[in-house]
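# sequence and predicted structure are below.
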Amino acid sequence: MILTNPLDKDMIDTFFHYLHNTVNSTKSVIRVNGEDKPKEVVISVLLKLGYFDFLYAVEKYKTNTSKVNNQGSYIITLLYNAKAQNEADITNQVQHDMYG
């Protein structure tokens, strides 16, 4: 991932740091989207992320212009939502290109 995105190395490392900490958390719940969710559910979603889902979350972080107070929670929320949001964005783009 870093080989194909060398300019994002530090950001990718940071995302993997938070991903690792979350997957190895001893807490029973993890806060995502402002809600406490069972750890097993969050870990299950995070471990299903693919290469492009992960990079999608990194790109979303880079394009955010609002102030983020809790970086770790924000990054975990981005990762948690990445797969579904990436698929929705792709579908929307295809619909726009074909019919818009």
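That came through, no problem.
# pull out the buried positions in the strand or helix carrying Asp10.
In the assignment (DSSP states H and E), Asp10 maps to helix 9-23. For helix 9-23, the neighbour count (16 or more other Cβ atoms under 10 Å) marks 11-12, 14-15, 18-19, 22 as buried. C-beta coordinates here come from the backbone N, C-alpha and C atoms, glycine included.
# I'd like the next helix or strand past that helix.
strand 29-32.
# thought Leu49 was touching Leu79?
Yes - using Cβ atoms under 8 Å, Leu49 is in contact with Leu79, at 6.4 Å.
# can you give me the neighbour number for the nearest residue to Asn33 once chain neighbours are set aside?
Take Asn33 and drop its neighbours on the chain: the residue closest to it by Cβ to Cβ, 6 or more residues apart in numbering is Thr77, 5.6 Å away. Per other Cβ atoms under 10 Å, the neighbour tally for Thr77 reads 17.
# gap between Thr77 and Val42?
Distance from Thr77 to Val42, counting by Cβ to Cβ, to the nearest Å: 10 Å.
# shared neighbours of these two, which are they?
Val32 (Cβ atoms under 8 Å, 6 or more residues apart in numbering).
# the helix or strand where Ala88 lies packs against which elements?
Element membership of Ala88, judged by DSSP H and E, is helix 71-99. In this structure, helix 71-99 packs against helix 9-23, strand 29-32, helix 39-47, helix 51-63, with contacts taken as 3 or more Cβ pairs under 8 Å, 6 or more residues apart in numbering; DSSP states H and E.
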